[in-house]
Each structure stands twice: as structure tokens, then as C-alpha cells.
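>>> Make a model of this:
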Amino acid sequence: MDPHAPTTPPAASGRRARLGERLRQLRRERGLTLQEVATRSGLAVSTVSKVERGLMAPTYDRFSQLAEGLGVDIAELFSEQGERFRPGEFAIARRGEYQLHETENYVYEMLFPEVWGKAMTPMMGDLRAYETMRFDRFVSHPGEEFLLVLSGRVTVSLEDMAPVVLETGESVYFDSRRGHLYAAAGSEGARILVVCAKLGDQPR
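Model (predicted):
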């Protein structure tokens, strides 16, 4: 066993199990099989099955694909009770009012999970140093993305350009169909605000 490999705390395992149960609930409510969800989402059946069984914590792009395959808003994967956001409405999130999601590399606080149908998905994230993270691919998904460094320093890597280092208070905005990765620059961790926006029929 690799002594430097990240371990999964019991709380994270419990959150993965609840997420899997929610995914299974949404699938069964729609009378879909694992194969049908996989086909609609463009994911492997084994991936969908692992998420349902709490064996995998998907990244944002995989969440987006699963939501597409189920025909639901991405926020519905994180909250069983919610209402669709309508013109003129106002929502506020107090401290601690979020849904925690932890992957192998990131810990995200999903804000406003009870507000469905949002044009934007806001998240707070904690990053580790790149050397301690394990990436097997760049993340990409339709839409646009904004990142603001709240504390620490962050390396932003896009698959088609050299990495960029951001200091506290600096930000980036980009087409999220471009493969991208985030990591803390240096040995200290970093905290970020990320907002992913849906654009409907995106050109190109």
C-alpha cells in the first residue's frame, strides 16, 4: 500500500453512499436501467454502478453527465427536497448551509443544493498541493467557469496551454469545455470559489 495515498475518512464514505442512494432513487423513479442511464449520459455502465454503490466520488463533469442522463438538474443529485429557481426569486445561504462533496482530489461545498434549475452552480473548494493529488485526465464540461482564489496560491492547468499560477484575490474565467485541473501551488493548501454556468445551446 502506498503510504502517501489519500485515505477515505468514514464521513466521506457515508456521503458517497448517500449520493449513490439518491442517484438510484432518481433512476428508479424514472424507470431507467443502469444501461439506459449510461447510454444517455455517455458514461460506462460500470461507472454509473460504482457511483450508485458509493464506490466512486464523481467529479463535476461526471455529475453533469449523470444529471443529463437522468433528465434532472445537477442540484437534484445533492438534495431530495428543493424548488426550481424562478424569475424574481431571492435565495440566501448562511454559514454551514451547503452539501459537502469529497473526491480523491477535491473537497467541495456545494452551495444552494436546494435551489434547482439554476443557471450557475456555485461551489467553495479546498485544494491540496499538486504533488499529493492523483489525476488521470483533464476535466471538461459544457458551459463557462469562474474561479477566484480566496486563500493560498493555485495552479490552473489547461490541456492546451501552460499552467498559470494565481495568487490570493486573483481569478480566471474560461470556456469549461477546455480540459482543466486545479491544484494548490506549493506545499500549503488553498481555498477557492468556483462557479460553473450553463449556456444552453453553446456555439462551436
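>>> how does this structure divide into domains?
Per automatic domain parsing, the structural domains of the chain span 10-77, 119-197.
>>> out of the ones you listed, nearest to R86?
Taking Cβ to Cβ as the criterion, R86 comes closest to domain 119-197 out of those, the separation being 12.1 Å. C-beta coordinates here come from the backbone N, C-alpha and C atoms, glycine included.
>>> I'd like the distance from that closest one to the chain centre, please.
On the basis of Cα atoms, centre = their mean, to the nearest Å, domain 119-197 is displaced by 12 Å from the centre of the chain it belongs to.
>>> now the spatially closest residue to E76 that is not a sequence neighbour, which residues is it bridged with?
The shortest distance from E76 to any residue other than its chain neighbours is 5.7 Å, reached at W116 (Cβ to Cβ, 6 or more residues apart in numbering). Listed beta-bridge partners, W116: R84 (assigned using DSSP bridges).
>>> W116 and E83, how far apart?
From W116 across to E83, the span is 7 Å (Cβ to Cβ, to the nearest Å).
>>> Mind checking which of these two has more residues around it?
The residue with more neighbours, out of W116 and E83 and counting by other Cβ atoms under 10 Å, is W116; that gives 17 against 11.
>>> Could you give me the buried positions within stretch 187-201?
Taking 16 or more other Cβ atoms under 10 Å as the basis for neighbour counts, the residues of stretch 187-201 that come out buried are G189, A190, R191, I192, L193, V194, V195, C196, A197, K198.
>>> again but with stretch 80-92, I slipped
Within stretch 80-92, the residues that qualify as buried by neighbour count (16+ other Cβ under 10 Å) are G82, F85.
>>> same check, this time on stretch 56-74
Within stretch 56-74, the residues that qualify as buried are 56-70, 72-74, counting by 16+ other Cβ under 10 Å.
>>> circling back to that earlier point, ok, so of the buried residues of stretch 187-201, who is nearest R40?
Checking the buried residues of stretch 187-201 against R40 with Cβ to Cβ, the nearest one is K198 at 17.4 Å.
>>> now that closest one: how far from G143?
The gap separating K198 from G143 is 5 Å, by Cβ to Cβ.
>>> so where's this structure shaky on pLDDT?
Applying pLDDT under 70 to the predicted model, the residue ranges of the chain that meet it are 1-11, 131-132, 200-204.
>>> which residue is nearest the middle of it?
The central residue of the chain, meaning the one whose C-alpha is nearest the mean C-alpha position (Cα atoms, centre = their mean), is Y60 at 2.8 Å.
>>> contacting residues around that one?
Applying Cβ atoms under 8 Å, 6 or more residues apart in numbering, we find Y60 in contact with T121, M123, V139, H141, C196.
>>> Narrow these to those in strands?
With strands identified by DSSP state E, the entries of those that belong to them are T121, M123, C196.
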